[in-house]
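Peer 1: Need a 3D model of the sequence below.
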Amino acid sequence: MSIVRTLTVARKELFHIVRDRRTLAVMFLIPVVQLFLLGYAATTDIKHLLTAVVDADRTPESRELVEAYKASNYFDIEFYVDSEEELARMVDQGTIRAGLIIPAGYGADVVAGETASVAFVVDGSDPTIANAVLSSAQSVGQAQSARIVEKRLGISPEDMMAVEVRSRVWYNPEMKSANFMIPGMMAVILYFLTTLLTALSIVRERETGTVEQLMVTPIRSVELVVGKVIPYVAVAFFNVLEVLAIAVFWFGVPINGSLALLLILSAVFLMTSLGVGIFVSSVSNTQQEAMLLVFFTLLPSIFLAGYLFPLEAMPDFLQAVSYIIPLRYMIIIMRGIIVKGVGLEVLAGQVAALLVFGIVIMAFAATRFRKRLE
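Peer 2: Here you go, the predicted structure:
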């Protein structure tokens, strides 16, 4: 393989990228847009949920309970209604997602030292939100119960506990979903852009007929492939740094591990994504077909890589299938380095898997592309 001929192809592709403003926009603006949209939208943090209250008691004790829910920042109590039927109608209409029902006699039970019960209604059409809301509602209720016990007996609830569980959250003590979602999102963006741009760039040459013109020159097929992907490797690393900067300085995601190791392992992962892009280009005749095939590979990867949903919650069959998804290993690596701050000794298994996938996919794609040209 001639380095000079390969770099010549790379320079030609780089000039084409610079002249094509739409391609430049795709390369540099889409990662930013995706990060901002998903960084704010793909969150499991439940705060300021619109809530209604049915207060059939109307006592200082019931108002104190309502204020406790207001002060938690989990619930925005914007509506006071007179009946459960009206509350149900607001839930059906989507006006509110939760409702607090305080029955008559609540305040009397609290004053008498008896167990007082209230009801908390949650819209369960979205189970993820419903589970988080129920957990928050129970936490607020337990905190209010502890305050009532302390006021009534003059004894701190901690002094009455036979067993005290002191929980600690490692790596993400603030429980910010951005610290979990954004590292995985970086791996998804890296995979999507490099695969799509590589596939489209090669198919574009075939559509315009310039591939045939290049093949009558002394340039070999391997030099053509390597030369065309070199600019996109550089673009991919720029995108990684771009997204990292936004994650750190805008979303406040700390990088607890080695940035150098992160970049090196990103290069390992690029072998896989570039290989997929080359393979897609070898089986596609048009750019539209190539784009559809890239999305066809992207969607299963997102769902089976543990980006949105935990792998442990999936059926055993899908967990087994996830082992052949390269994105799974890169997401683990990203979250391990950025969130946990672990090193190569912990990530050795994932790195080995990426190396195997990268070599196999790249070799297969290059062979298939060479045969297509011949």
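Peer 1: and Val268, what is it in contact with?
Peer 2: 351, 354-355, 358 (Cβ atoms under 8 Å, 6 or more residues apart in numbering). For glycine as for every other residue, the C-beta is placed from the backbone atoms N, C-alpha and C.
Peer 1: actually Tyr106, not the one I typed
Peer 2: Counted by Cβ under 8 Å, 6+ apart, Tyr106 has contacts 57, 59, 61-62, 65, 116-118.
Peer 1: And for Lys228?
Peer 2: Lys228 touches 9-10, 13, 198, 201-202, 205, counting by Cβ under 8 Å, 6+ apart.
Peer 1: Run through who's touching stretch 255-264.
Peer 2: So stretch 255-264 is in contact with 171, 237, 240, 244, 248, 333-334, 336-344, going by Cβ under 8 Å, 6+ apart.
Peer 1: Among those residues, which has the minimum pLDDT value?
Peer 2: Lowest in pLDDT among these is Tyr171, which has 78.
Peer 1: Is it correct that it falls within a helix?
Peer 2: No: read with DSSP: H, G, I helix; E, B strand; the rest coil, Tyr171 is coil and lies in no helix.
Peer 1: Walk me through the domains of this structure.
Peer 2: 3-42+176-373, 50-160 (automatic domain parsing).
Peer 1: Give me whichever of those domains is most buried.
Peer 2: domain 3-42+176-373 (a mean of 18; mean count of other Cβ atoms under 10 Å).
Peer 1: Report the distance from that one to the chain centre.
Peer 2: How far domain 3-42+176-373 lies from its chain's middle: 16 Å, per Cα atoms, centre = their mean, to the nearest Å.
Peer 1: Tell me the helix or strand right after the helix or strand bottoming out on mean pLDDT in the chain.
Peer 2: Sorting the helices and strands of the chain by mean pLDDT, DSSP states H and E puts helix 210-215 at the bottom, at a mean of 62. Using DSSP states H and E, the next helix or strand after helix 210-215 towards the C-terminus is helix 221-249.
Peer 1: Against the centre of the protein, work out the most remote residue.
Peer 2: Ala112 (49.5 Å; Cα atoms, centre = their mean).
Peer 1: Please report phi then psi for that residue.
Peer 2: Here is the backbone geometry of Ala112 (degrees, to the nearest 10): phi -80, psi -10.
Peer 1: before we move on, what about Asp76?
Peer 2: phi -100, psi 100.
Peer 1: so it bridges to which residues?
Peer 2: Using DSSP bridges, the bridge partners assigned to Asp76 are Leu50.
Peer 1: before we move on, back to that, the contacts of Val268 in strands, which ones?
Peer 2: Among the contacts of Val268, no member is found in strands (DSSP state E).
Peer 1: Looking at those residues, which has the smallest pLDDT value?
Peer 2: Gly358 (89).
Peer 1: what's the nearest residue to that one if we skip its chain neighbours?
Peer 2: Spatial nearest neighbour of Gly358, excluding adjacent residues (Cβ to Cβ, 6 or more residues apart in numbering): Met271 at 3.0 Å.
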